[in-house]
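Visitor: this one's structure only:
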DNA sequence: TTGTCACAACA
DNA sequence: TTTGTTGTGACAAG
């Protein structure tokens, strides 16, 4: 009778959604659970976590989550003050119910509501239906009224604390706690009262007294009938409150025959929608629940064809003839996976698969080969090199740039003819994704689960035993098959969307160019680096000493926490903008404080300290990055920035200082390397504003660029209605800030902040701006509208960015998406253009047989290393390729400089 | 050891 | 309450 669920009976799990979400909300610290956009997720997390645990422990066959509606219920109609006096829902909780609803939908769990009734009534109704159908029923709720449902078949899981501690309240447990059987619990509650529902009971009567009466008079009716006989103060109170008690009893009776839109048939458990779960949890930045969730269902149901992908047997062609024969016989494009020993590519695994066929998992003919690169004779190596470099021999590779570098850098083998790289095609399809690992893409697009550890096409363990070697090869061939299927899917999607050209003509060939740039690296002047470190260290020491002298003690100037204590407590300076951990001490705020305190020496020293430490830190990073060849090799990442830009890592060479003189000195350490004559830098001037002019078609702006005027002076003269020569530096800088801000979705408030002017002045400025450049305003408005309608923005080249948050109910999310929508076509088109220019420069250098080479890209700038005697030809070539990379209604202006260092080559 | 925050550098 | 990045030290939690 008190045992848990019977193994042979179906189990129905019923959850009071609001009640448990609320418990979860208070159980988990709200400040620890929120997304970067400020959406709180502690209740979502706690609720989902609880749900996963419940499913795991109870293994229900059927499940439903009931919610209250915000509309009045019959209880409100009967009693005005029902649930009155509750404190307002915390703001942090609002919206999370909605998110929980979305989680449930993604998990294929029904949510049930009924107009005019509470979740408890829905649960009571379903519990009764379940009981009638001979189910074991589990009710999870923080509402004690549910105890009345408990009997042999129905058990309530009532949270003791938080949402993980859910004791089973069966009949015995209820009776033990309240001294009455479950069916009499509402009698007891009517006497005792329920604060949460604003139902006062009889003063001085607690569960013990109430239970005694109920037992003595055989139920509440008996108690009320004999009210006159009850002695003492409690009896008196009871007689005074009889009407309240009757009302309480009426209100706490749960309705068991609510007319519901679903029945038990609709509540069967099924596997979650993995794609929807991934998407939702990604958006909520909840990372730890997916594995638990999928683990839970992993053993239950798998989509057909998943997890049983097996690679083909491997042959080991090793002579030129065998290799040539294998290449000739391979059906379709060949998946190519390197096997790495240390940093060297020791072998290649090649896999090809017969025609696509259907998706029913029917066997297909696949072939596989392992080519041991260390054991090829000259002829065989030539045969392999010929095939690898054969543009007509199609290959599919994951992470092309890495594989290209591996083969080219390690063995001088040039890889060409790559028709797809899922890390790039996946990126073009979904540029906001964080990971393009094979395992993630396969899971997401094909629903094929492969262990993340296995996903890398290469592993670095040495001295593998025979078994480990076999496992490694099996993994590689399996991944080869997954790679081919994934590639087919992604390529079809790209073609369907019309983005195939972006892939084959831009991103794929660019991977090779970037690979060459990374291999080349840029020469570093080590002596200069050391000197800079010393210089900056001296400045740091001086600033630190000064700062300590002012406050009379030594603190860690790098600790925002300690800084806050000194600035706002010890020195008692005015508070700055609030942040999570107190008040900000960022450079803007400190500069502002300096102005307000007439140059407080501590703050001045702090800024000096910050500047110098930042610079030293940058220099130290560079020192560590100098390779054995005396050059710095950055890594470009082609699939991080959602707009289409590249990013640069280890070290980041796209954020080397330039704005201040001190910082600019760091550019002196990037120098021309041995065997070359000089460095060349070439950059687009105002490319984003030019794209804005082109896309908006604003005649005035276009004319300005065609006339080759100083853009900001020109715009200033229009906005302020003065002659161009009368535009003051102040006017120019305001206009400049606004021009760039517009492309970022700047508001008048933001503009006023940035320019330190009033909001009214900023608003007027924007008004004047738009009255002169109306097409710009129309264009910006149109972008957001179109993006909301289509769900994505497009660059000139057709690169898309999806922005589902444009139709979010959350204002903050929506407005962020709107600003991203304004920016994406502009930043993205600029990225497309310089990528095209890089391909053009690379091809032209090759075509003209030059020895000069491209080294760096910094968004709108290229740095090249110029071979002796090629200065003029290269300058012309670069200008031509960069200026000709796009056909806009305005010219693309390119400025070029030459010099021994990056600093000197600047212009 | 790991994850998050504040801060700062670039286009 | 202006977009997109990478990297560092401090700090708290595991």
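Guide: Cool, the structure landed. In this text the structure is predicted, and so the values were computed from the model without any measurement.

Visitor: okay, buried residues for stretch A:616-632 please.
Guide: A:616, A:618-619, A:622-623, A:625-626, A:631-632 (16 or more other Cβ atoms under 10 Å). The C-beta positions use only the backbone N, C-alpha and C, and glycine is treated the same way.

Visitor: and these, which is closest to DNA strand C?
Guide: residue A:618 (7.8 Å; Cβ to the nearest atom of the strand).

Visitor: partner residues bridging residue A:579?
Guide: residue A:582 (DSSP bridges).

Visitor: rewinding a little: of all the buried residues of stretch A:616-632, which two lie farthest apart?
Guide: Pairwise distances among the buried residues of stretch A:616-632 were taken by Cβ to Cβ; the largest, 21.7 Å, belongs to A:616 and A:631.

Visitor: circling back: go through the buried residues of stretch A:616-632 and name the one nearest DNA strand B.
Guide: For the buried residues of stretch A:616-632, the nearest to DNA strand B is residue A:618 (6.9 Å; Cβ to the nearest atom of the strand).

Visitor: once you drop chain neighbours, what's closest to the closest one?
Guide: Leaving out its chain neighbours, the residue that sits closest to residue A:618 by Cβ to Cβ, 6 or more residues apart in numbering is residue A:666, at 6.2 Å.

Visitor: now residue A:257
Guide: In space, residue A:257 is closest to residue A:125, 6.2 Å off (Cβ to Cβ, 6+ apart).

Visitor: is the one you found in a helix, a strand, or coil?
Guide: With DSSP: H, G, I helix; E, B strand; the rest coil as the basis, residue A:125 sits in helix.

Visitor: give the contact list for it.
Guide: Residue A:125 makes contact with A:255-258, A:260 under the criterion Cβ atoms under 8 Å, 6 or more residues apart in numbering.

Visitor: distance of it from DNA strand B?
Guide: Distance of residue A:125 to DNA strand B, computed by Cβ to the nearest atom of the strand, to the nearest Å: 41 Å.

Visitor: so what pLDDT did that residue get?
Guide: Here the pLDDT value assigned to residue A:125 is 96.

Visitor: do I have it right that residue A:687 meets residue A:892?
Guide: Yes - if you go by Cβ atoms under 8 Å, residue A:687 and residue A:892 touch, sitting 7.0 Å apart.

Visitor: spit out the residues that contact these two alike.
Guide: With Cβ under 8 Å, 6+ apart, residue A:687 and residue A:892 have common neighbours residue A:833.

Visitor: just to revisit the earlier point, contacting residues around the residue nearest to residue A:618?
Guide: Neighbours of residue A:666 in contact, by Cβ under 8 Å, 6+ apart: A:532, A:615, A:618-619, A:622, A:656-657.

Visitor: just to revisit the earlier point, and which of the contacts of residue A:125 is nearest to DNA strand C?
Guide: Closest to DNA strand C, out of all of the contacts of residue A:125 and judged by Cβ to the nearest atom of the strand, is residue A:260, at 40.4 Å.

Visitor: and that closest one, what does it touch?
Guide: So residue A:260 contacts A:112, A:114, A:122, A:125-126 (Cβ under 8 Å, 6+ apart).

Visitor: next, give me the two most distant ones among those residues.
Guide: A:114 and A:126 (10.5 Å).

Visitor: could you pull out the strands for the stretch 651-800 of chain A?
Guide: A:670-671, A:678-684, A:792-794, A:800-802 (DSSP state E, counting those that start in this stretch).

Visitor: quick one: average pLDDT of the very next helix or strand once past the last one?
Guide: Sequence-wise, the next helix or strand downstream of strand A:800-802 (DSSP states H and E) is helix A:811-847. The average pLDDT for helix A:811-847 rounds to 94.

Visitor: wait, does helix A:811-847 contact DNA strand C?
Guide: Yes - Helix A:811-847 is in contact with DNA strand C by Cβ under 7 Å from any atom of the strand, via A:812, A:816, A:819-820, A:823-824, A:827.
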